[in-house]
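1. Structure, please.
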Amino acid sequence: MAGTDELFAGSIPEIYDRYLVPLIFEPYALDLAKRVQKLDPRHVLETAAGTGVLTRAMAARLPAHARIFATDLNQPMLNQAKSQLEDARIDWRQADALNLPFEDQNFDVVACQFGAMFFPDKVRGYGEARRVLKPGGQFVFNVWDKISENEFPDVVIEALGEFFPSDPPRFLARTPHGYHEPTRIREELAAAGFVNVAVEAVDAVSKTSSALDAAIAFCQGTPLRNEIEARDASRLKDATKCAADALELRFGSGPIEGRIRALVITAVA
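-> Purely as a prediction, here's the structure:
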């Protein structure tokens, strides 16, 4: 897995954790952690762990005998995650979800919080999850619904399209919100050998103290920053302000909130 859409480095991990995690990721991490808890697993593998929001949520809910192997392709993201949580039950490890360094049939649950959209080969990534799951084990993950169902990033991408009219940055629409068709998800999971696939839309509310904080989250805490800087690195601050102005125009000044929607998928090995 390589390319700018998968590059979370530099200051991105810190900004991601500070701004983006509470903005959009926390409610869905709690949702996935509760689902994993109900399965009462002893060995959990987390892929695409990022800065550890799901890891922390699972650690808070799983019993003392449970062990979590938290992995991510990006070591800077794992470094940020490790700095937020010390727990002897957690094994932090850099790993590619498409080439997992674990033996077959080793885990009760594989969990993935908003990572599948970044897999360049979805079937291969799903196949790796199935390979390391015990028979009957479950793959529990989520992906974002289409960008029109997620108000903040929708406004941001429209604003940046006007800011860079000749070459609009499309990361948010292309990757985080570019993999949301239930039929395709079911077919690719089936191709990887999974059965009993369930896809559920889950709505939540995104809240933040200001439009500027939301703009910083998306423009500076995701690979959208790489796209902005590739066009003109000197205009990152101006692009962020453009997004903030658009959000404030739509949602008002002061604390703002907007609709977000994800798809939560469970599949049996």
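
2. List the residues that contact the most centrally placed residue in the chain.
-> The structure's the chain has its C-alpha centroid closest to residue 114; by Cα atoms, centre = their mean the separation is 2.8 Å. For residue 114, the contacting residues are 25, 28, 48, 50, 142-144, 176, 262, by Cβ atoms under 8 Å, 6 or more residues apart in numbering. From N, CA and C alone the C-beta is placed, and that goes for glycine too.

3. Among these, which ones are in strands?
-> Among the contacts of residue 114, the ones falling in strands (DSSP state E) are 142-144, 262.

4. need the residues you listed in a markdown table with distance to residue 236 and pLDDT, can you?
-> Below are the ones in strands among the contacts of residue 114 laid out as a markdown table (distance: Cβ to Cβ, whole Å; pLDDT from 0 to 100):
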| residue | distance to residue 236 | pLDDT |
| --- | --- | --- |
| 142 | 29 | 98 |
| 143 | 28 | 98 |
| 144 | 24 | 98 |
| 262 | 28 | 98 |
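
5. Go through those and name the one nearest residue 83.
-> residue 142 (24.4 Å; Cβ to Cβ).

6. which residues sit in contact with that closest one?
-> 28, 31-32, 112-114, 202, 262-265.

7. Would you tell me which one of the ones in strands among the contacts of residue 114 comes nearest to residue 211?
-> Looking across the ones in strands among the contacts of residue 114 and measuring by Cβ to Cβ, the closest to residue 211 is residue 144, at 20.5 Å.

8. The closest one and residue 175, how far apart?
-> Computed as Cβ to Cβ, to the nearest Å, the residue 144 to residue 175 distance reads 9 Å.

9. so what's in contact with those two at the same time?
-> residue 117.

10. who's more crowded, the two?
-> For residue 144 versus residue 175, neighbours defined as other Cβ atoms under 10 Å are more numerous around residue 144 (23 against 19).

11. hey, what's the more buried one bridged with?
-> In this entry, residue 144 is beta-bridged to residue 262, by DSSP bridges.

12. who touches it in this structure?
-> Contact analysis of residue 144 by Cβ under 8 Å, 6+ apart lists 114, 117, 150, 176-177, 179-180, 260-263.

13. Show me how far the longest helix along the chain is from its chain's centre.
-> Ordering each helix of the chain by length in residues (DSSP state H) puts helix 236-251 first. Helix 236-251 sits 23 Å away from the centroid of its parent chain (Cα atoms, centre = their mean, to the nearest Å).

14. I'd like the mean pLDDT over it, please.
-> Per-residue pLDDT over helix 236-251 has a mean of 97.

15. Distance check, the residue of the chain positioned farthest from its centre against residue 203.
-> Centroid-distance maximum for the chain: residue 166 at 28.8 Å, with Cα atoms, centre = their mean. Look at residue 166 and residue 203: by Cβ to Cβ, they are 36 Å apart.

16. Which single one of the contacts of residue 142 is nearest to residue 220?
-> Among the contacts of residue 142, and counting by Cβ to Cβ, the member closest to residue 220 is residue 114, at 18.1 Å.

17. Quick check on the closest one: phi, psi?
-> phi 50, psi 50 (degrees, to the nearest 10).

18. any weak-confidence spans in the stretch 1-150 of the chain?
-> By pLDDT under 70, the low-scoring segments of the stretch 1-150 of the chain are 1-11.
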